[in-house]
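In: what follows is a predicted protein model with its sequence.
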Amino acid sequence: MKKIILLCIFIASLSAQTGIITPKGFYGLGLWVETNRPFDGDDEVFYDFKTELYLPGIKYFPLGTEIALSGRKYDGEEVGYSSTLAFHYKFKIAGVSFRGSRRDYDSIMHEDLYSETFDLTFYKTGKLNPFISFINTNVLGDYINNNKTLDYINIGGNGRITRHLTLTSSVMLPILDNKVLIEEASIEFSLGYEIAASVLEIFKRP
């Protein structure tokens, strides 16, 4: 049981987002730990540590902005670093975001190798935050896999364990030749801590 609990803590999702759990008009700062566990076990396992800052929109620029930095470690490989920029438009009980990220790979064979990922996410806001993401990834550099097709659909949700601690679970579904490959899907979880509200509470104490 202890191993199962530890596994759940360290498994994470590509769609763990501070912007999703942040209410309209409020800012957020989140820390996330991530990894993947594919159904068939053939895909590479990674561990990802990420920090995200979310800034709410203003009167003349209603889009909220999310900035993220992360380091990802694949089994048997060096750490790769990525940066992400996302924009959120929040309605009263729902939201939509568009995200772009770049990951540089520390590879001896491919020194200039990097990937670009774009995703469009629709989500509900509140204590429970179901979401669906449509994802496209391109690998560029001296090895090129540049496509404009849909690569993944990620379906899941965020829920608060405590006021500041958030758990995400989702299913990442790969797509090839317009077919969903369920047998190659991943069940994913994430654990995140939203620290902006915690810091704010400290300064508000009498």
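Out: Everything's here; your move.

In: could you measure from Gly25 over to His164?
Out: 18 Å (C-beta to C-beta, to the nearest Å). Every residue, glycine included, has its C-beta placed from N, CA and C.

In: pull the helix or strand with minimum mean pLDDT from the protein.
Out: The weakest-scoring helix or strand in the chain, judged by mean pLDDT, DSSP states H and E, is helix 2-10 (a mean of 40).

In: thinking again about what came up before, more neighbours: which of Gly25 and His164?
Out: His164 (16 against 10; other C-beta atoms under 10 Å).

In: send me the helix or strand following the least confident helix or strand of the chain as CSV with only the CA atoms.
Out: Using DSSP states H and E, the helix or strand that follows helix 2-10 in sequence is helix 18-21. The C-alpha trace of helix 18-21 is given here as CSV (Å, rounded to 0.1, in the frame of the first residue of the first chain):
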residue,chain,number,x,y,z
THR,A,18,-1.8,26.4,-12.3
GLY,A,19,-3.9,28.5,-14.6
ILE,A,20,-6.8,25.9,-14.6
ILE,A,21,-7.1,25.9,-10.8
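
In: which strands and helices sit next to helix 18-21?
Out: strand 28-35, strand 46-55, strand 64-74, strand 79-90, strand 94-104, strand 128-140, strand 152-160, strand 186-194 (3 or more C-beta pairs under 8 Å, 6 or more residues apart in numbering; DSSP states H and E).

In: poorly predicted segments of the protein, please.
Out: For the chain, the stretches flagged by pLDDT under 70 are 1-16, 36, 40-45, 75-78, 106-111, 141-148, 196-206.

In: partners of Val79 in the sheet?
Out: Bridge pairing for Val79 (DSSP bridges) gives the partners Lys73.

In: and it, how many neighbours does it have?
Out: Look at Val79: counted by other C-beta under 10 Å, it has 15 neighbours.

In: right, and it touches Arg72 too?
Out: Yes - here Val79 reaches Arg72: they are 6.7 Å apart, a contact under C-beta atoms under 8 Å.

In: how far does stretch 21-40 sit from its chain's centre?
Out: Relative to the chain's own centre, stretch 21-40 is displaced by 6 Å; criterion: C-alpha atoms, centre = their mean, to the nearest Å.
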